[in-house]
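In: Okay, sequence plus prediction incoming.
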Amino acid sequence: MADTASPLFAPLQLASVSIPNRIAIAPTTRQVADEDGTPTGEMGRYWARRVQGGCGLVITEGVYFADRWNAKGYPHQSGICNRKHIDAWRTITDMIHAEGGIALMQLQHAGRLADPLYFQDGNPAYSASDTQSSGYVIFTDSEEEKELRGWTDPLPLRRYEPARALSLLEIEDLADSFARAAVRAIEAGFD
């Protein structure tokens, strides 16, 4: 039986948010959003079960924040770019809140690790510097996982492409894109 006198079970005040305990689920990439980045019911049920099990704080996986900037990093990554995304996230945050949990969104830009499959208008990956990852684009860890996800196309082994450094003006615009995404996340019910 858990020692409910432990600080682990004590509420925690984080700015204006009161978290019911100090148990959090860290961001975990699961790749279960729709291909267009729309969060799915599976995601909401997953996090609601974690809150039912005692988790007080849910922090989402990295969510791409704009359809531009080549921000999307991998297949089935969730987004917060449009009304469809906002509405789907609202359903999920409602599920988390109904169980007594707090929901935070991790906004993410893939940087030089953006998947070239999602590059738009022939633009490269954007990063803080002109660099290239020496790794490979990863879709899945196994053929079994690929089958479970319903991916039927061959997924070739590909290296990441060179990234282009952003100008100072682009960095300011990118930062503004993050801010607009944060506003959308609040609209979607995130704490």
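Out: Arrived safely.
In: chain center to stretch 175-182: distance?
Out: 14 Å (Cα atoms, centre = their mean, to the nearest Å).
In: tell me what the lengthiest helix in the chain is packed against?
Out: For the chain, the helix that runs over the most residues, judged by DSSP state H, is helix 168-187. Applying 3 or more Cβ pairs under 8 Å, 6 or more residues apart in numbering; DSSP states H and E, one finds that helix 168-187 makes contact with helix 83-98, strand 102-108. Every residue, glycine included, has its C-beta placed from N, CA and C.
In: Looking at the ones you listed, which is nearest to Asp115?
Out: Minimum separation from Asp115 across the helices and strands packed on helix 168-187 (Cβ to Cβ) falls at strand 102-108, 12.7 Å.
In: Please identify the pairing partners of the helix or strand just after the closest one and their relative orientation?
Out: Counting by DSSP states H and E, the element after strand 102-108 in chain order, helix or strand, is strand 125-127. Partner strands and pairing direction for strand 125-127 (DSSP bridges) are strand 163-165 (parallel).
In: How far away from the center of its chain is the partner strand?
Out: Computed by Cα atoms, centre = their mean, the separation of strand 163-165 from the middle of its chain amounts to 22 Å.
In: Pull the residues that contact it.
Out: 111-112, 114, 123-132 (Cβ atoms under 8 Å, 6 or more residues apart in numbering).
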